[in-house]
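J.: sequence first, predicted model second:
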Amino acid sequence: MATKEQTPMMVQYHQIKDQYPDAFVFYRMGDFYELFEDDAIKGAKILELTLTARNKNSENPIPMAGIPHHAVAAYIDILVDAGHKVAIVEQMEDPATAKGMVKRDVVQLITPGTKMSGKTGDGKENNFLAAVVATGARPGDADQAAFALAYIDLSTGELKATELDEQNAVIDELGALEVKEVVLAREGERATPALADAIGERGWVVSYQGTVQPSATITYLTKELKSAAGQDVTALLLQYLFDTQKRSLDHIMPVQTYQRQAYLVFNQVTRVNLDLVENARTKQKAGSLFALLDETKTAMGGRLLKQWLIKPLKNLEAIRARQDAVAAFKDDFFTRGTVQDQLKYVYDLERLAAKAALGTLNARDLVQLKRSLQAVPDLQAALLAEHVNPILQEAGRAIDPLLDLASLIDQAIVPEPPISVRDGDLIQPGYDELVDSYNQALADNQDWLAAYQQQEREATGISNLKVKYNKNFGYFIEVTKVNLDKLEEGRYHRKQTLTNAERFTTPELKEHEDLIFAAQTKRFDREYELFLSVRAKVKEEITRLQTLAQKLARLDVLAALADVAENRHFTKPSFKEGEDRSLMIKQGRHPVIESLLGPGEYVANDVTFADDTKIQLVTGPNMAGKSTYMRQVALVVVLAQMGSFVPADETILPIFDQIFTRIGANDDLVNGRSTFMVEMAEANLALQDATAQSLILFDELGRGTATYDGMALAQAIIEYLDTNLHATTIFATHYHELTALANNHPAIQNFHVGAQLTADGQLHFLHQVQPGAADRSYGIQVAALAGLPKSLLHNAEQILQALEAQGAGQVEGDAVVSSSQTVAAPITDGLAQEVPLFNIGPAPVEAPVSTVAASLDPADQKALDELDRVNLNQLTPLAALNLVAKLQEMRSNDGQNS
Ligand code: ADP
């Protein structure tokens with residue numbers, strides 16, 4: 001890059017920029033960080049900086065934008081939060097003494113996955129950086145995983161590694177962790193080009209790491225890992241951190257391995273569909289299961305709760321250990337209250353430990369640490385009280401409250417220190433003799449100054465003469481202009497002139513000023529030295545601190561779950577052991593929807609799967625509550641396996657290995673996939689990977705295509721599930737014709753969500769799930785609830801009746817035939833005797849169906865034509881509302897015209 005015409009500074013800049021082509025280079029010049037060239041042009045736009053130029057008058061002015069050094073953190077945050085990287089270039093020598101160009105170098109590369117400060121919300125979010133490598137397994141190699149993955153939260157030091165069979169699993173895992181950045185091997189057999197593409201498509205930040213230098217630290221942190229690929233991926237991740245952070249990272253904990261299969265697995269789609277950590281519609285925490293459960297008091301607790309939620313357990317013993325502790329807290333309001341009250345005083349110990357390791361802990365952080373530690377003895381005492389459940393007592397005994405550290409900080413550091421650690425006022429009186437002696441000297445000087453002022457007033461006869469101090473001029477005597485002639489000639493040396501006064505010094509004052517400054521400098525240095533020694537002591541105790549943080553986080557989560565269990569009337573679920581896959585949820589509720597409704601408005605439902613029932617076919621009108629019913633089952637399973645109590649009166653569950661969902665019409669039009677394509681792709685995930693231990697929720701499968709092929713596919717899928725998978729499945733459908741399948745498939749049971757037609761033809765949803773099939777879909781009644789014009793609804797009713805009469809033969813001969821060639825659906829049953837579905841007065845049109853269209857009045861015809869043109873696959877709810885409004889308007893306009 002560097003050319004002959006460049007100034008030495010730009011040569012130096014390019015040498016650095018060439019090493020960090022994908023980062024914004026913040027190049028330190030005096031009090032500013034400068035951006036140059038493309039960085040300046042792009043950065044000025046994103047950061048709203050003024051774009052100027054260096055060498056403005058030359059042939060090629062260099063675009064430039066400056067950021068004041070004291071405000072740099074905020075600008076870095078904006079760029080990094082937007083997915084960019086920032087390389088901080090500092091002056092490595094004092095410009096005043098440097099010969100030639102001041103040496104500069106990158107001191108840190110800040111990236112989305114390594115960011116430690118700034119917008120971390122309430123601290124309840126982890127910030128994960130992951131690395132993935134290929135293991136070198138050959139395709140189809142059943143015994144060997146294809147990918148090794150490691151991840152870390154640099155702000156807490158938590159490091160984990162696992163191996164995964166396939167790319168989808170890697171993507172799901174990265175999605176579940178909400179990783180901010182993924183490190184991949186730049187080249188060689190560990191590189192994963194196809195995965196890189198898939199990660200890039202999702203808009204995640206990718207970074208490449210080249211070679212790894214073996215080091216004692218890497219060996220120490222990875223020594224638990226057995227597989228070569230596991231070691232390599234962790235080493236790659238750590239090397240990336242060392243290269244970018246360029247400082248000691250002593251808070252990183254030795255890697256822990258885990259097996260994805262040891263947890264209840266669900267993919268990204270399911271996590272979103274179930275609103276587990278954020279509301280799928282709003283993308284906010286509010287309206288999610290996490291928000292409902294999050295009664296944690298500490299940031300560590302919040303993070304752990306989220307980890308439990310995205311990784312529920314499968315091991316019964318571990319689940320029961322959590323359940324028992326939740327139960328103990330639930331039954332002991334007093335102990336729980338005391339523990340939670342103390343936890344409110346506990347700051348983010350994991351992040352404080354990390355700051356200690358990185359050397360960024362200031363005196364205020366030390367005070368936060370002290371306050372946190374001071375809360376622990378009371379918390380511990382509450383757990384150890386005589387009446388307390390032994391499980392909690394045991395947890396109390398396991399706590400090391402780090403009293404030594406708390407008392408060290410208490411003795412050494414003042415309760416309200418300044419942010420700066422170099423300007424004194426940090427150290428408690430009585431902690432250090434030297435600091436005390438400097439303080440004494442300074443206090444003595446204050447006395448001297450007061451006496452000196454008095455003496456000068458008397459000597460000059462100027463009663464308002466003052467001895468003062470300011471930062472720029474030090475100590476001085478201030479005399480107002482009218483009194484200047486009273487000063488003895490030659491004794492006072494002018495320092496500064498103001499409008500109304502002059503400022504002077506004298507030899508005695510100067511002498512004392514020097515004494516004061518010397519004492520102050522010594523005091524600052526000594527206080528800083530003492531502060532560093534306290535900080536070093538904290539650093540020595542990082543492991544103990546991290547252990548305490550983990551124990552408090554666990555207690556925090558358990559107490560939170562107990563809170564939720566009590567306040568929301570959750571009960572403790574029991575589990576089946578062995579092969580029995582039966583399931584019973586008595587009076588279950590969807591906790592999030594329940595919380596949004598008024599008290600008593602939620603209709604609880606029983607869910608029962610006998611061991612030989614595998615598939616529940618749930619029918620009922622739209623809006624009846626089918627999807628709420630099935631989500632409720634999934635949420636109960638997630639809650640139960642994470643160790644929480646569940647929203648039901650009584651629950652007995654088998655342990656599930658995976659949950660698959662296909663719920664709702666979330667079009668993926670951005671990626672060019674229609675509703676139907678998405679539907680089928682999501683269904684396929686379940687059909688490929690589900691086992692007899694899985695839970696499958698399919699909502700309205702087949703809706704995205706024409707009626708008959710949709711219904712045919714739905715039926716074929718149900719039969720495939722029945723014959724091949726034997727997973728516990730809830731299949732909600734508005735194709736009530738499918739309910740006939742239960743007649744000749746013993747594993748399929750019909751349920752329906754009740755709805756009632758009132759005397760005036762209004763549809764009333766009961767939200768009550770009952771055994772048996774629904775007789776019809778009530779589509780026209782739901783449309784009536786949406787307020788469509790009455791005559792249109794009449795027409796629809798007539799068309800429906802005609803279609804049903806006409807279509808019965810077709811369906812029978814065509815679509816709803818089971819694979820065993822038996823006719824599945826006596827679908828005209830019940831329809832033949834149907835009375836008019838709702839009462840909206842005499843029908844205006846009395847004609848055979850084939851002529852219905854011809855005899856419509858023009859307004860209705862227009863409305864129907866408009867309806868015909870609608871592409872349901874692309875209709876948003878808002879557009880649907882607008883459409884209904886338009887249809888109404890068409891009719892009322894027409895009414896006025898005629
Ligand atoms: P469907 O899947 O049958 O179209 P949903 O499950 O989406 O219906 O439910 C529609 C709405 O009905 C929900 O948003 C909720 O407001 C309400 N609802 C569903 N189930 C219940 C219930 N058990 N108790 C009370 N309200 C419910």
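T.: Cool, got the structure.
J.: so what are the domain limits for the chain?
T.: 8-110, 128-262, 294-402+541-565, 433-535, 574-774, 808-846, 850-898 (automatic domain parsing).
J.: now these in CSV, with mean neighbour count, mean pLDDT and distance to the ligand?
T.: (Glycine included, C-beta is placed from N, CA and C.) Shown next, in CSV, are those (neighbours: other CB atoms under 10 Å; pLDDT from 0 to 100; distance: least, CB to the nearest ligand atom, whole Å):
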stretch, mean neighbour count, mean pLDDT, distance to the ligand
domain 8-110, 16, 91, 34
domain 128-262, 18, 90, 25
domain 294-402+541-565, 20, 95, 20
domain 433-535, 15, 91, 54
domain 574-774, 19, 86, 3
domain 808-846, 14, 35, 18
domain 850-898, 13, 67, 13
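J.: adding distance to residue 268 as columns, could you present the ones you listed in JSON lines?
T.: JSON lines is the format used below for the domains of the chain (distance: least, CB to CB, whole Å):
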{"stretch": "domain 8-110", "distance to residue 268": "19"}
{"stretch": "domain 128-262", "distance to residue 268": "4"}
{"stretch": "domain 294-402+541-565", "distance to residue 268": "11"}
{"stretch": "domain 433-535", "distance to residue 268": "42"}
{"stretch": "domain 574-774", "distance to residue 268": "10"}
{"stretch": "domain 808-846", "distance to residue 268": "32"}
{"stretch": "domain 850-898", "distance to residue 268": "22"}
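J.: to residue 415, which of the ones you listed lies closest?
T.: In terms of CB to CB, the element of the domains of the chain nearest to residue 415 is domain 294-402+541-565, at 6.4 Å.
J.: now do the end-to-end distance for that closest one.
T.: 12 Å (CA to CA, to the nearest Å).
J.: and residue 355, which of the three is it?
T.: When classified by DSSP: H, G, I helix; E, B strand; the rest coil, residue 355 comes out as helix.
J.: could you report the distance from it to residue 60?
T.: 44 Å (CB to CB, to the nearest Å).
J.: for the stretch 601-750 of the chain, which segments are assigned as helices?
T.: Taking DSSP state H, counting those that start in this stretch to define them, one finds helices in the stretch 601-750 of the chain at 626-641, 675-689, 707-720, 741-744.
J.: packing partners of the second one?
T.: Here helix 675-689 touches strand 658-662, strand 695-699, helix 707-720, going by 3 or more CB pairs under 8 Å, 6 or more residues apart in numbering; DSSP states H and E.
J.: check what pLDDT the most centrally placed residue in the chain gets.
T.: Nearest residue to the geometric centre of the chain (CA atoms, centre = their mean): residue 125, 5.4 Å. Residue 125 is assigned a predicted lDDT (pLDDT) of 85.
J.: how close does it sit to the ligand?
T.: Using CB to the nearest ligand atom, to the nearest Å, we find residue 125 at a distance of 28 Å from the ligand.
J.: now residue 411
T.: Counting by CB to the nearest ligand atom, the gap from residue 411 to the ligand is 59 Å.
J.: grab the nearest non-local neighbour of that residue.
T.: Nearest non-adjacent residue to residue 411, counting by CB to CB, 6 or more residues apart in numbering: residue 431, 5.6 Å away.
J.: give me the phi and psi for residue 87.
T.: Backbone geometry at residue 87, expressed as degrees, to the nearest 10, gives phi -100, psi 120.
J.: what about stretch 466-485, how long is it end to end?
T.: Using CA to CA, the end-to-end distance of stretch 466-485 comes out at 16 Å.
J.: sorry, back to before: SS state for the residue nearest to residue 411?
T.: Recorded secondary structure, residue 431: coil (three-state DSSP).
J.: got phi/psi on it?
T.: Per-residue torsions, residue 431: phi -80, psi -30 (degrees, to the nearest 10).
J.: how many neighbours does it have?
T.: 18 (other CB atoms under 10 Å).
J.: pretty sure it sits against residue 530.
T.: Yes: counting by CB atoms under 8 Å, residue 530 is a contact partner of residue 431 at 7.2 Å.
J.: which residues are in contact with each of the two?
T.: Shared contacts of residue 431 and residue 530, defined by CB atoms under 8 Å, 6 or more residues apart in numbering, are found at residue 412.
J.: wait, is the residue nearest to the centre of the chain part of a helix?
T.: No: Residue 125 sits outside any helix when classified using three-state DSSP, being coil.
J.: for residue 68, see how far away it is.
T.: 29 Å.
J.: got it, and residue 661?
T.: Using CB to CB, residue 661 is found at 51 Å from residue 68.
J.: ok, residue 698 next?
T.: In terms of CB to CB, residue 698 sits 58 Å off from residue 68.
J.: and the end-to-end length of stretch 864-877?
T.: 19 Å.
J.: what are the ranges of the strands in the stretch 501-650 of the chain?
T.: For the stretch 501-650 of the chain, the strands defined by DSSP state E, counting those that start in this stretch cover 501-505, 574-575, 583-588, 605-609, 615-619, 650-653.
J.: report the contact partners of the nearest residue to residue 636 once chain neighbours are set aside.
T.: Nearest residue to residue 636 in three dimensions, chain neighbours excluded: residue 646, at 4.7 Å (CB to CB, 6+ apart). Going by CB under 8 Å, 6+ apart, residue 646 touches 570-573, 585, 588, 636, 639-640.
J.: if you set the cut-off to 6 Å instead, what comes out?
T.: Residue 646 makes contact with 570, 573, 636, 639-640 under the criterion CB atoms under 6 Å, 6 or more residues apart in numbering.
J.: kindly report the same for residue 217.
T.: Contact analysis of residue 217 by CB under 6 Å, 6+ apart lists nothing.
J.: for it, grab phi and psi.
T.: When read as degrees, to the nearest 10, the backbone of residue 217 gives phi -60, psi -50.
J.: number of residues surrounding residue 801?
T.: 15.
J.: confirm it sits in a helix?
T.: Yes: assessed by three-state DSSP, residue 801 belongs to a helix.
J.: the residue nearest to the centre of the chain and residue 180: what is the separation?
T.: Residue 125 sits 10 Å away from residue 180, going by CB to CB.
J.: going on from the helix or strand hosting residue 219, what's the next piece of helix or strand?
T.: Element membership for residue 219, per DSSP states H and E: helix 216-222. Next in sequence after helix 216-222, counting helices and strands by DSSP H and E, comes helix 228-245.
J.: which residues does residue 46 contact?
T.: Residue 46 makes no contacts at all, as judged by CB under 6 Å, 6+ apart.
J.: how much space between it and residue 77?
T.: Taken as CB to CB, the span from residue 46 to residue 77 is 12 Å.
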